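A.B. asks: heads up, no residue letters with this:
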């Protein structure tokens, strides 16, 4: 999957502070029929709830405690874009192809994003050959292009979640993973798997190793723990 994940749907959640539960962000039209605004509602979408569960699971306790202390001392609103489209895709793939080998490549971060929130998208439009970015997704209408950075750490968690982690037969508390996963910068991937010596230019520049520095590769294959 090359540049598939960045175009999949995301859901936006919001909370007034870390001490307040997440809420779903809905978009509604104002009375004039043109202006859009956000509306916050209690969590009810099962897909959003599953994505939050994966995102917030297995946090390091020491880091989590420090983070909670920080937010108590300096409370502020939180906005988070959830890759619910990616989660749904992973669920479908694991259901249909539980023994699949998966290679995905996408943007790990996007420069100059002005829209607030964790994993916020870049929303832009082009007119007369010139591109311009929106400061709010609510302003984007018509032929606007929207794409998201891929959180490969979260993608890996979703992959393991969808492969249905189980406790090993030795009855230990350690989980046995059914997937072997690896995240590589694009340059590292090309050095390992591509004929990059064939793409070096006369002045020493190598597009395979030097272009798209804000992209990564995700590799996932099944392990022997398939029961």
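C.D. replies: Sure, I can see it. All values derive from a computational prediction rather than experimental measurement.
A.B. asks: isn't residue 35 up against residue 29?
C.D. replies: Yes: the criterion here is C-beta atoms under 8 Å, and residue 35 meets it with residue 29 at 7.1 Å. Placement of C-beta: from N, CA and C, glycine included.
A.B. asks: packing partners for the host helix or strand of residue 85?
C.D. replies: Assigned by DSSP states H and E, residue 85 belongs to helix 84-96. Contacts defined by 3 or more C-beta pairs under 8 Å, 6 or more residues apart in numbering; DSSP states H and E place helix 84-96 against helix 46-56, helix 152-162.
A.B. asks: of the ones you listed, which stretch is the most buried?
C.D. replies: For these, the largest average neighbour count (mean count of other C-beta atoms under 10 Å) is found in helix 152-162, namely a mean of 18.
A.B. asks: related to what we said a few turns ago, and the helix holding residue 85 with helix 46-56, angle?
C.D. replies: Inter-element angle recorded for helix 84-96 and helix 46-56: 90 degrees (by axes from the mean of the first three to the mean of the last three C-alpha atoms, to 10 degrees).
A.B. asks: toward the C-terminus, what is the element adjacent to helix 84-96?
C.D. replies: strand 102-107.
A.B. asks: need the helices and strands packed on helix 84-96 in JSON lines (columns: distance to residue 181).
C.D. replies: Formatted as JSON lines, those follow (distance: least, C-beta to C-beta, whole Å):
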{"stretch": "helix 46-56", "distance to residue 181": "14"}
{"stretch": "helix 152-162", "distance to residue 181": "5"}
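A.B. asks: out of those helices, which is closest to residue 96?
C.D. replies: The closest of these to residue 96 is helix 152-162. By C-beta to C-beta, the value is 11.3 Å.
A.B. asks: chain center to the closest one: distance?
C.D. replies: 9 Å (C-alpha atoms, centre = their mean, to the nearest Å).
A.B. asks: what about the residue located most distally from the centre of the chain, distance to residue 209?
C.D. replies: Most distant from the centre of the chain: residue 202, at 37.6 Å, with distances by C-alpha atoms, centre = their mean. The spacing between residue 202 and residue 209, counted by C-beta to C-beta, to the nearest Å, is 16 Å.
A.B. asks: picking up where we left off before, mind pulling up the phi and psi values for the residue farthest from the centre of the chain?
C.D. replies: The phi and psi torsions at residue 202 (degrees, to the nearest 10) take the values phi -60, psi -30.
A.B. asks: lowest-pLDDT helix or strand in this structure?
C.D. replies: strand 166-167 (a mean of 42; mean pLDDT, DSSP states H and E).
A.B. asks: which outside residues touch stretch 37-50?
C.D. replies: Contact partners of stretch 37-50, identified using C-beta atoms under 8 Å, 6 or more residues apart in numbering, comprise 11, 13-14, 21-28, 30, 52, 82, 84, 87-88, 138.
A.B. asks: just stretch 131-138 next, same as before
C.D. replies: 27, 36-38, 112-115, 121-126, 140, 144, 146.
A.B. asks: switch to 6 Å and redo it
C.D. replies: Stretch 131-138 has contacts (C-beta atoms under 6 Å, 6 or more residues apart in numbering) with 36, 114, 115, 123, 124, 140.
A.B. asks: now render those as a markdown table, adding pLDDT and secondary structure.
C.D. replies: A markdown table is the format used below for the contacts of stretch 131-138 (pLDDT from 0 to 100; DSSP: H, G, I helix; E, B strand; the rest coil):
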| residue | pLDDT | secondary structure |
| --- | --- | --- |
| 36 | 89 | strand |
| 114 | 91 | coil |
| 115 | 94 | coil |
| 123 | 93 | strand |
| 124 | 91 | strand |
| 140 | 85 | coil |
